[in-house]
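> Okay, structure incoming, though there's no sequence with it:
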């Protein structure tokens, strides 16, 4: 029985790794599509979203089978529960990637104002979200609590860029009133990137739970440290 559950857990981790890579690529493509207004690339994200959803359902089913057939306990149970929650968060990241890509498809502007994009630090925000996701993946692979907790600090920068973007866009709209619709839709892109950071933070918490049996969201952290917990 021990041999069988070990092989099942290895397969589950492999599936999560494949799902992770798929979602990373989705966010990467979506961000690039917005920065370059590449509608063909954005369309690819929409098409691949079905694969993300199918993967989530497959992993959910496999987790249910492992629990029903092998009744895991202790560290094995923590691992299975962590993978289940990570899977859910990865699927949400796939949803955000789709929403970001839709901006590029629906926007009527042929290109975004280069100076505006620079002031908004949009490219930096996309890069930081991807970096968080890659760091969390490495934390799981290496079973490193230190790498997992490092994700939280990176999320602070994502929040900072998001807060800064609102003021920049407000000023831009006042100077370019004909750009109101595009700017409002761009606010949604920033919001989805900011929420992506929140979900990657959730993933990092689950990794710590698996490694050290700690659930950080119930450890007494303050709202000042983690303001997104109110959302």
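All right, it came through fine. Note that the coordinates shown come from a computational prediction; the quantities given were computed from them, not determined experimentally.
> just checking, next helix/strand downstream of the lengthiest helix in the chain?
Longest among the helix segments of the chain by residue count, using DSSP state H, is helix 2-36. Using DSSP states H and E, the helix or strand that follows helix 2-36 towards the C-terminus is helix 39-70.
> Would you mark the buried spots in stretch 156-173?
For stretch 156-173, burial by neighbour count (16 or more other Cβ atoms under 10 Å) applies to 156-158, 161-162, 165, 168-169, 172-173. Every C-beta, even on glycine, is put in place using the N, C-alpha and C of the backbone.
> Output the residues you listed as CSV; include the columns distance to residue 95.
Below are these laid out as CSV (distance: Cβ to Cβ, whole Å):
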residue, distance to residue 95
156, 23
157, 23
158, 17
161, 21
162, 18
165, 21
168, 26
169, 23
172, 28
173, 27
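> re the thing from before, tell me the average confidence for the longest helix of the chain?
What helix 2-36 shows for mean pLDDT is 95.
> One more: stretch 168-186?
93.
> what does it contact?
Counting by Cβ atoms under 8 Å, 6 or more residues apart in numbering, stretch 168-186 makes contact with 103, 106-109, 112-113, 116, 119-120, 187, all of which sit outside it.
> What is the neighbour count of residue 24?
18 (other Cβ atoms under 10 Å).
> Next, the contact list for the residue lying closest to it once chain neighbours are set aside, please.
Among residues not flanking residue 24 along the chain, residue 133 sits closest, at 5.5 Å (Cβ to Cβ, 6 or more residues apart in numbering). Residue 133 sits next to 20, 23-24, 27, 93, 200, 203 when contact means Cβ under 8 Å, 6+ apart.
> Give me the below-cutoff pLDDT ranges for this structure.
Across the chain, the ranges flagged by pLDDT under 70 are 1-2, 214-231.
> Among the contacts of stretch 168-186, name the ones in helices.
Short answer: these in helices (DSSP H) are 103, 106, 116, 119-120, 187.
> Just the element for the residue nearest to residue 26 when sequence neighbours are not counted, please.
Excluding the flanking residues, the one nearest residue 26 by Cβ to Cβ, 6+ apart is residue 97, at 3.8 Å. Assigned by DSSP H and E, residue 97 falls within helix 74-106.
> Lovely, talk soon.
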